[in-house]
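Asks: here is my input, please return the structure:
(one chain, ligands or ions: 1)
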Amino acid sequence: QPGLAVYDPGFVNTASCRSAVTYIDGDKGILEYRGYPIEQLAEHSNFLEVAYLLINGTLPSKQEYGAWEHEITFHTFVHENVKRFMHGFRYDAHPMGMLMASVGALSTFYPDARNIGDADNRHMQIVRMIAKMPTLGAWSYRHAQGKPFVYPDNELSYTENFLSMLFKMSEKKFEADPRLVKALDVLFILHADHEQNCSTNAVRSVGSSQVDPYSAVSAGVAALFGPLHGGANEAVLRMLRRIGKKENIPSFIEGVKNGNEKLMGFGHRVYKNYDPRAQIIKKACDDVFEVTGVNPLLEIAQELEKIALEDEYFVKRKLYPNVDFYSGLIYEAFQFPPEMFTVLFAIGRTPGWLAQWLELVQDKEQKIARPKQIYTGDRTLDFVPAAQRW
Ligand code: SDX
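Replies: Numbers count the residues shown, from 1 in each chain. So this is what the prediction gives:
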């Protein structure tokens, strides 16, 4: 039945799964959310509308959007006990570890979330998760900075409210440059979903046991934490800083070609062409740097991209910049520390995880994830008791 994801009964980790949420053509560099090209959504929509589209499958009417925005806005607060829980982390806890734990903790605050068979209940948990992710993400940052947590301001837009909870330093109403708010909103749109990537696969696999969505999403946050997945944006900045200047690029490239390390922000499991999101982010760099001044690492990134795209090693392996290659430069221009970059990715990806989770739990044919294995160990050995072995 089109529109429903059905894993083959013998679900394997690389199982082909049918879904109607996101379409990617890796050879042509095409990405569409519910059939709409990412380029058009990035240019004409906003993150909350894209979140509605991913979850509901259609663009909202004016009334539907108004109701959605109101629901999200008035669920941004988090229970005070979660705030106390977050204060319990070490002073230098990684924000992604805090986010993973606090999202999982939400499952203990909403026991009704386990009633995943009820449509209204599912909708309520989806609203809560999308609404609270920026609050938890901002509080992870404030904890790491040793600063007091800032409560949500429901008079601000979704993305501006997130910036307020991150950077507000006085009782004065927080105001951000609209160009920065727009750029961050576009980045959230670009990260909103991406078919069956590692973290979405984690959400679907955990969700297939019919656990509540907070527990399933915390598994997605855990997968995204890895440097080969969401953690790549943080790794790109560390790589560019280590290269230090354009003159060092040739020796760095030689090291990559010798297998000493990977060119972070390059390559993709699916795209064997330019990641369309990287193109859009590259353009967003100009808008942000107009406000913040150019990130000095941009020049190294552009030279690195130019050299790699002309080098046989990368061309032969169809390695192109992916979504993470330029995003970190923008985040750094926002004054985010590198350990916050993947938190930003997680906030953007939340509607996609939830849309895929919803598609999964609505699929009556869905079976619990049970990947097949290829057994490579010994067989039918005779046990020798310890006394005879030692
Ligand atoms: C994300 O799946 C998604 O959709 C993910 C994502 C999303 O939105 O959810 O798009 C987000 O995770 C983007 C990827 C971020 N990760 C990085 O930038 C880390 C660096 N990239 C690599 O680690 C790698 O490209 C992967 C993990 C992304 C993909 O790994 P694969 O599937 O092994 O890549 P491949 O099969 O295309 O590799 C072909 C060859 C291999 O070499 P050979 O064995 O043929 O000699 O290219 C090599 C790889 O070793 N290679 C790289 C490389 N990526 C692949 N060599 C150097 N630098 C790289 N970045």
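
Asks: ok, now which ones touch Arg128?
Replies: Under the criterion of C-beta atoms under 8 Å, 6 or more residues apart in numbering, the neighbours of Arg128 are His75, Leu106, Tyr110. Placement of C-beta: from N, CA and C, glycine included.

Asks: what do you get if the cut-off is 10 Å, keeping everything else the same?
Replies: Glu71, Ile72, His75, Thr76, Val78, Leu106, Phe109, Tyr110, Ala113, Pro213, Tyr214 (C-beta atoms under 10 Å, 6 or more residues apart in numbering).

Asks: check whether the second one really touches Tyr52, as I assumed.
Replies: Yes - contact criterion C-beta atoms under 10 Å: Ile72 and Tyr52 qualify, at 9.3 Å.

Asks: give me the common contacts of those two.
Replies: Common neighbours of Ile72 and Tyr52 (criterion: C-beta under 10 Å, 6+ apart): Ile130.

Asks: still on that earlier bit, just the buried residues out of the contacts of Arg128, in PyMOL syntax.
Replies: In PyMOL, this line selects whichever of the contacts of Arg128 come out buried by 16 or more other C-beta atoms under 10 Å:
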select buried, resi 71+72+75+76+78+106+110+113+213+214
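
Asks: need the next SSE after the helix or strand containing Asp185, C-terminal direction.
Replies: Of the helices and strands defined by DSSP states H and E, Asp185 is found in helix 178-190. With elements assigned by DSSP H and E, the helix or strand that comes after helix 178-190 is helix 198-207.

Asks: so what does that next one touch, helix or strand wise?
Replies: Here helix 198-207 touches helix 213-224, helix 341-361, going by 3 or more C-beta pairs under 10 Å, 6 or more residues apart in numbering; DSSP states H and E.

Asks: and Met239, which of these is closest to it?
Replies: Among those, the nearest to Met239 by C-beta to C-beta is helix 341-361 (12.8 Å).

Asks: ok, Trp68 to Leu54 distance?
Replies: Going from Trp68 to Leu54 by C-beta to C-beta, to the nearest Å gives 12 Å.

Asks: so which of those two has more stuff around it?
Replies: For Trp68 versus Leu54, the count of surrounding residues by other C-beta atoms under 10 Å is larger for Leu54: 23 against 19.

Asks: burial count for Gln388?
Replies: The burial count for Gln388: 7, using other C-beta under 10 Å.

Asks: and it, that one's in a helix?
Replies: Yes - using DSSP: H, G, I helix; E, B strand; the rest coil, the assignment for Gln388 is a helix.

Asks: next one, pLDDT for it please.
Replies: Looking at Gln388, its pLDDT reads 97.

Asks: and the residue of this structure that's closest to the ligand?
Replies: Relative to the ligand, the nearest point of the chain is Gly267 (2.3 Å; C-beta to the nearest ligand atom).

Asks: if I look at that residue, how far off is Asn154?
Replies: Where Asn154 is concerned, Gly267 sits at a distance of 41 Å (C-beta to C-beta).

Asks: next one: Trp357
Replies: Trp357 is 26 Å from Asn154, by C-beta to C-beta.

Asks: do Gly117 as well
Replies: Going from Gly117 to Asn154 by C-beta to C-beta gives 31 Å.

Asks: likewise Pro296?
Replies: For Pro296 relative to Asn154 (C-beta to C-beta), the value is 38 Å.

Asks: enumerate the positions of the helix or strand harbouring Met133 that are buried.
Replies: Using DSSP H and E, Met133 maps to helix 119-145. Buried residues in helix 119-145, counting neighbours by 16+ other C-beta under 10 Å, are found at 121-122, 124-144.

Asks: stretch 26-41 too?
Replies: By 16+ other C-beta under 10 Å, the buried positions in stretch 26-41 come out as Gly26, Gly29, Leu31, Glu32, Tyr33, Arg34, Tyr36, Ile38, Leu41.

Asks: the second one: what's it in contact with?
Replies: The neighbours of Gly29, taking C-beta under 10 Å, 6+ apart as the test, are His268, Val270, Tyr271, Lys272, Asn273, Tyr274, Asp275, Pro276, Arg277, Ala278, Gln279, Tyr320.

Asks: try it again with 7 Å
Replies: By C-beta atoms under 7 Å, 6 or more residues apart in numbering, the contact set of Gly29 is Tyr271, Asn273, Tyr274, Asp275, Pro276.

Asks: and the fifth one, by the same measure?
Replies: Contacts were defined as C-beta under 7 Å, 6+ apart; by that measure Tyr33 touches Thr22, Leu41, Val50, Leu53, Leu54, Ala192, Asp193.
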